[in-house]
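>>> Return atomic coordinates for the entry below.
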Amino acid sequence: TFEASEATGNQNFRTLLDFSLGRLAGDDAMRALGIDSAEDLFLLMAQAHLPMPRLPDAVTGDMVEQLKSLAG
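Predicted coordinates:
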């Protein structure tokens with residue numbers, strides 16, 4: 001839990017939480033955790049029972065527009 005990680009000085013949960021909340025980019029989170037694959041990051045997120053981060057609405061909207069332009 002967050003409290004247990006804080007008590008022992010383990011910052012891994014804090015790093016995962018920051019990634020989950022969109023305050024830390026995936027590559028920065030992987031570097032801080034000492035891992036080199038997105039799959040490992042996602043597994044750690046699942047083990048910590050944290051939701052995966054969402055893209056900002058503006059980025060999602062841009063992706064939708066790009067896909068629409070491909071069809072048109």
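>>> alpha carbons only for contacts and neighbour counts from here, please
Will do.
>>> so after the host helix or strand of residue 17, what's the next helix or strand?
Per DSSP states H and E, residue 17 falls inside helix 12-20. Next helix or strand after helix 12-20 toward the C-terminus (DSSP H and E): helix 26-33.
>>> Please compute how far that next one lies from its chain's middle.
9 Å (CA atoms, centre = their mean, to the nearest Å).
>>> helices and strands around the next helix or strand after it, which ones?
As assigned by DSSP H and E, the chain's next helix or strand after helix 26-33 is helix 38-47. When contacts are defined as 3 or more CA pairs under 8 Å, 6 or more residues apart in numbering; DSSP states H and E, helix 38-47 sits against helix 12-20, helix 26-33.
>>> Distance to residue 54 and mean neighbour count added to these, as CSV?
Output for the helices and strands packed on helix 38-47, formatted as CSV (distance: least, CA to CA, whole Å; neighbours: other CA atoms under 10 Å):
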stretch, distance to residue 54, mean neighbour count
helix 12-20, 8, 19
helix 26-33, 12, 16
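>>> Could you list the residues in contact with stretch 40-55?
1, 13, 16-17, 19-22, 29-30, 35 (CA atoms under 8 Å, 6 or more residues apart in numbering).
>>> what about that stretch, average pLDDT?
Stretch 40-55 shows a mean pLDDT of 92.
>>> in that stretch, what's buried?
Using 16 or more other CA atoms under 10 Å as the test for burial, stretch 40-55 gives 41-42, 44-45, 50, 52-53.
>>> Turn the helices and strands packed on helix 38-47 into TSV, columns for distance to residue 68 and mean pLDDT.
Formatted as TSV, the helices and strands packed on helix 38-47 follow (distance: least, CA to CA, whole Å; pLDDT from 0 to 100):
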stretch	distance to residue 68	mean pLDDT
helix 12-20	29	93
helix 26-33	27	94
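>>> Let's have these in TSV, adding distance to residue 67.
Converted to TSV, the helices and strands packed on helix 38-47 look like this (distance: least, CA to CA, whole Å):
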stretch	distance to residue 67
helix 12-20	26
helix 26-33	24
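>>> Just tell me which of the ones you listed ends up closest to residue 66.
helix 26-33 (23.0 Å; CA to CA).
>>> can I have that closest one written out in CSV, keeping just the CAs?
Extracted in CSV, the C-alpha atoms of helix 26-33 (Å, rounded to 0.1, in the frame of the first residue of the first chain):
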residue,chain,number,x,y,z
GLY,A,26,6.0,6.5,-19.2
ASP,A,27,9.7,6.6,-20.2
ASP,A,28,10.5,8.7,-17.1
ALA,A,29,8.6,6.2,-14.9
MET,A,30,10.5,3.2,-16.4
ARG,A,31,13.8,5.0,-15.8
ALA,A,32,12.9,5.7,-12.2
LEU,A,33,11.8,2.1,-11.6
